[in-house]
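*Asks:* Any chance you can model this:
(2 chains)
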Protein chains: 2
Amino acid sequence: MTGTTLDDYTDRYARRVRGMTASEIRALFAVASRPEVVSLAGGAPYIAALPLDAVGEMLGKLGSEHGVTTLQYGIGQGTLELRERICEVMALSGIDASCGASPDDVVVTVGGQQALDLVARLFLDPGDVVLAEGPTYVGALGVFQAAQAQVVHVPMDDDGLIPEALEVAIADLARTGRRVKFLYTIPTYQNPAGVTLSEERRERVLDICERAGLLVVEDDPYGQLGFEGEAPRPLRARRRDGVFYLSTFSKTFAPGLRVGWILAPHAVRDKLVIASEAQILCPSGFAQAAVTTYLSTMPWREQLKIYREVYRERRDALLGALHDLMPEGTTWTRPTGGLFVWASLPDGLDAKAMMPRAIAARVAYVPGTGFYADGTGTGNMRLNFSFPTPERIREGVRRLARVMEQDLAMRQVFGTVGPTGSRRGGADAPGPDLA
Amino acid sequence: MTGTTLDDYTDRYARRVRGMTASEIRALFAVASRPEVVSLAGGAPYIAALPLDAVGEMLGKLGSEHGVTTLQYGIGQGTLELRERICEVMALSGIDASCGASPDDVVVTVGGQQALDLVARLFLDPGDVVLAEGPTYVGALGVFQAAQAQVVHVPMDDDGLIPEALEVAIADLARTGRRVKFLYTIPTYQNPAGVTLSEERRERVLDICERAGLLVVEDDPYGQLGFEGEAPRPLRARRRDGVFYLSTFSKTFAPGLRVGWILAPHAVRDKLVIASEAQILCPSGFAQAAVTTYLSTMPWREQLKIYREVYRERRDALLGALHDLMPEGTTWTRPTGGLFVWASLPDGLDAKAMMPRAIAARVAYVPGTGFYADGTGTGNMRLNFSFPTPERIREGVRRLARVMEQDLAMRQVFGTVGPTGSRRGGADAPGPDLA
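*Replies:* Okay, here's the model as predicted:
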């Protein structure tokens, strides 16, 4: 086995290895993190807004005074103390005892990512279909790919997932005899689209899934980060059963601790714990103690207000810069919370083909194709506003606009742009109307 | 879907959910952790031996001075800084540049558990066979069960896995046309058996696997915890290809941080990173910084010596108490490192059936059946010596001996013991000869 190649491993041991490919976002990370590049590509919270001195003091004590427990093994489900605090956090958005939420049904996870992976692990068999918004969270596509499931996208508009389109997708799949397991949805301040499922549609989407016998996997990392009043109540607040509610402290406290959770239907909570133990044995006791203590002793509700204020200001900076600087024909969403704006480029521009020129011009974004399982999204890009300062955002958009204008001028001369010359998915593509 | 039951979920969505059952160890945890119970059941390191004041100070600074990076997202593979330190740790046991070890091929994981789960995720398809020592790590059985793979145990003796038995197992499986993917082995200070694969057998086991085209998954959480000189070099130090080397800081620093790693064959390292990103996005930046800083600035080699000394003293206490107190017919292994002793009970005693009486007598252990996929091990138990003090260990063995003597007396009177009346797997069972 000297000099064993990937082919040796894949041919001999696992064909599935070959199917696993890295996301486009990942490949971008290295270049986008250079200091001279204005990165609108990430999805990172603005950690500098935290009171780091106080957080550091808290973390130190958790080691020196409580290390015998915080640095030791714990139970797979996560500590009761943290699960109780998590229930307080969920109660803020209406998921409380009245709809059956209980610490007993919370499973602490390694960020929202493991929460989703566990649900997939339990419910997805190879060949299963998952319905998801198009575009959707790139990390969810990775989970479904690893589970060898197929994603069928359902389009959105400014009010989020379109119920009629969901019904059509379910009916089409039923006709072809495909086995659909669940709808994966980010109803509030969606990543990457930045739109929110309207109050009225929430009940309809739930009814449609209930009638079709589909589970609902509700991913809600951004629900606490609204800039303009309250978001509509989560889907889980409206249904006890059939809804898995996933969230994380990555956006509201700190992603580097990797603490998220699932609120699971009671009947399967124990199975999720067993699946999690097989994956990670138990979540970090130190990270759990950090989040518990943060929520118990520090002004976390005030900190949420700070995050909201910082992000609102940056969203305004991004929307303002887009309005002032983008070439004609560009459209974008206007998020009322969260971290992202989804832009649609003028006809003929290809966000993926344009990337090398954008990086050369010292600006980065994520091409829309990263958020689809089916190659859609060439004419789209995701723009992040949570991490860069307002000044950097404006400078980034200025650089981006210049690249786009050059591409448009080239296109006028040569009729095509970029190495691939590919066009955005037009009216025939199953893409969203997010303009 | 009101009042949905587990049956609803399993019947409608996932039959695999039904197959997932909790380990016996897990059920024991709640009772065994009561203060009045002497627990020989756990596998926890003695965290109180750490310099917690200094560790706390270090953790505090990582938050207050470096929080902007340590509390932020990171890359899926883990930080280069930590991967470099990990290579220094591996070099101590002979896994160094001379056998191709490089930070580039290290993937940081959520403890050793995720390391194993990732390898299983990449290589195991439902119905595949995994060869493993019998008995083996209970968490590995959970991973293989979740992957819907079948475990075939290979017996050990005092020198570890028996090469001839490995050859027989491979030949038997080949005859039945079963697809075997890899050998999972803990060659050094094995959990739960406490035995170590001898120098001479290491080459033979590698040769056998190489001839049979099997990958080797080498799990080495305890290799640094030897009491009597150096352990034989790990399998990975002897082969560049075909060996996945898994380890963790859970036993040498702190399990509550959940930091482990895989040293992967170069050809598949990137696939492991992609699989890990699908599971957890990235390992905790804070935990990684904690381990990196611990290894860079604190006397970790001295701390290893302290751990070794503490555990050696406790092993001696356990072996001494077993010698002084155990009823005739009991045998046990004599580990030269690690955390565990494996005991074989006098003929007719059933360690699982005896558990309620042991708990009533305020002592806990793990019945041997937990370490087999096939129901073997009724006449065995695992005894941990890393966590309880020498005095507690002796008191625990005293209580245990009394329960065993009562069971033996009952057996003499009634011919059977315990609620099930089951016997240990006798000479016909495929169990190890660990006496």
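*Asks:* Run a quick check on A:Gln114 versus B:Ile280, I expect a contact.
*Replies:* Yes: assessed by C-beta atoms under 8 Å, A:Gln114 is found in contact with B:Ile280 at 5.2 Å. C-betas here are computed from N, CA, C, even on glycine.
*Asks:* who has more neighbours, the two?
*Replies:* A:Gln114 (32 against 25; other C-beta atoms under 10 Å in any protein chain shown).
*Asks:* where's A:Ala41 relative to B:Ala317, distance?
*Replies:* 57 Å (C-beta to C-beta, to the nearest Å).
*Asks:* and these two? which has more neighbours close in?
*Replies:* With neighbours defined as other C-beta under 10 Å, A:Ala41 and B:Ala317 compare such that A:Ala41 has more, 29 against 20.
*Asks:* before we move on, what SS does that one have?
*Replies:* coil (DSSP: H, G, I helix; E, B strand; the rest coil).
*Asks:* So what's the predicted local confidence for it?
*Replies:* Looking at A:Ala41, its pLDDT is 93.
*Asks:* where does it fall, phi/psi-wise?
*Replies:* Phi and psi for A:Ala41, reported as degrees, to the nearest 10, are phi -90, psi -30.
*Asks:* Tell me how far it lies from B:Cys282.
*Replies:* Where B:Cys282 is concerned, A:Ala41 sits at a distance of 16 Å (C-beta to C-beta).
*Asks:* likewise A:Ser33?
*Replies:* In terms of C-beta to C-beta, A:Ser33 sits 13 Å off from B:Cys282.
*Asks:* of these two, who's got more company?
*Replies:* B:Cys282 (24 against 13).
*Asks:* how far away is the more buried one from chain A?
*Replies:* Per C-beta to the nearest C-beta, to the nearest Å, B:Cys282 is found 8 Å from chain A.
*Asks:* Quick one: residues contacting that residue.
*Replies:* A:Arg258, B:Tyr73, B:Gly74, B:Ile75, B:Gly76, B:Gly78 (C-beta atoms under 8 Å, 6 or more residues apart in numbering or on different chains).
*Asks:* Report the two of those residues separated the most.
*Replies:* Among those, the pair separated by the greatest distance (C-beta to C-beta) is A:Arg258 and B:Ile75, at 13.3 Å.
*Asks:* neighbour-wise, which of these two wins?
*Replies:* A:Arg258 (31 against 18).
*Asks:* That one reaches A:Ala115, doesn't it?
*Replies:* No: the criterion here is C-beta under 8 Å, and A:Arg258 misses it with A:Ala115 at 11.1 Å.
*Asks:* Point out where chain A drops to low pLDDT.
*Replies:* Judged by pLDDT under 70, chain A has its weakly predicted residues at A:1-4, A:10-29, A:416-435.
*Asks:* max-length strand in it?
*Replies:* strand A:150-157 (DSSP state E).
*Asks:* And the contacts of that one?
*Replies:* With C-beta under 8 Å, 6+ apart, strand A:150-157 has contacts from A:127-136, A:141, A:144, A:161-162, A:165-166, A:169, A:173, A:178, A:180, A:183, A:190, A:193, A:195, A:372-374, A:376, A:430-434.
*Asks:* That one pairs with which strands, and in what direction?
*Replies:* strand A:129-134 (parallel), strand A:160-161 (antiparallel) (DSSP bridges).
*Asks:* want to throw the ones you listed into JSON lines with mean neighbour count?
*Replies:* Shown next, in JSON lines, are the strands paired with strand A:150-157 (neighbours: other C-beta atoms under 10 Å in any protein chain shown):
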{"stretch": "strand A:129-134", "mean neighbour count": "26"}
{"stretch": "strand A:160-161", "mean neighbour count": "26"}
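*Asks:* I'd like those as CSV, with distance to B:Ile95 appended.
*Replies:* What follows is the strands paired with strand A:150-157, written out as CSV (distance: least, C-beta to C-beta, whole Å):
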stretch, distance to B:Ile95
strand A:129-134, 40
strand A:160-161, 50
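*Asks:* what comes up buried for stretch A:226-238?
*Replies:* Burial within stretch A:226-238, assessed by neighbour count using 16 or more other C-beta atoms under 10 Å in any protein chain shown, is assigned to A:Gly226, A:Phe227, A:Ala231, A:Pro232, A:Arg233, A:Pro234, A:Leu235, A:Arg236, A:Ala237, A:Arg238.
*Asks:* Of these, which pair is most distant in space?
*Replies:* Once C-beta to C-beta is applied, the buried residues of stretch A:226-238 give A:Phe227 and A:Arg238 as the farthest pair, at 23.5 Å.
*Asks:* what's the closest non-adjacent residue to the residue nearest the centre of chain A?
*Replies:* Central residue of chain A (C-alpha atoms, centre = their mean): A:Tyr137, 4.1 Å from the mean position. In space, and not counting its chain neighbours, A:Tyr137 is closest to A:Asn191: 5.0 Å by C-beta to C-beta, 6 or more residues apart in numbering or on different chains.
*Asks:* can I assume the one you found is in contact with A:Asp220?
*Replies:* No: the pair A:Asn191 / A:Asp220 is not scored as a contact, 10.7 Å apart, by C-beta under 8 Å.
*Asks:* quick one: the closest residue to A:Ser102 other than its chain neighbours from chain B, how far?
*Replies:* Distance criterion C-beta to C-beta, 6+ apart; nearest residue to A:Ser102, sequence neighbours excluded, is A:Cys87 at 6.9 Å. Applying C-beta to the nearest C-beta, the value for A:Cys87 to chain B is 20 Å.
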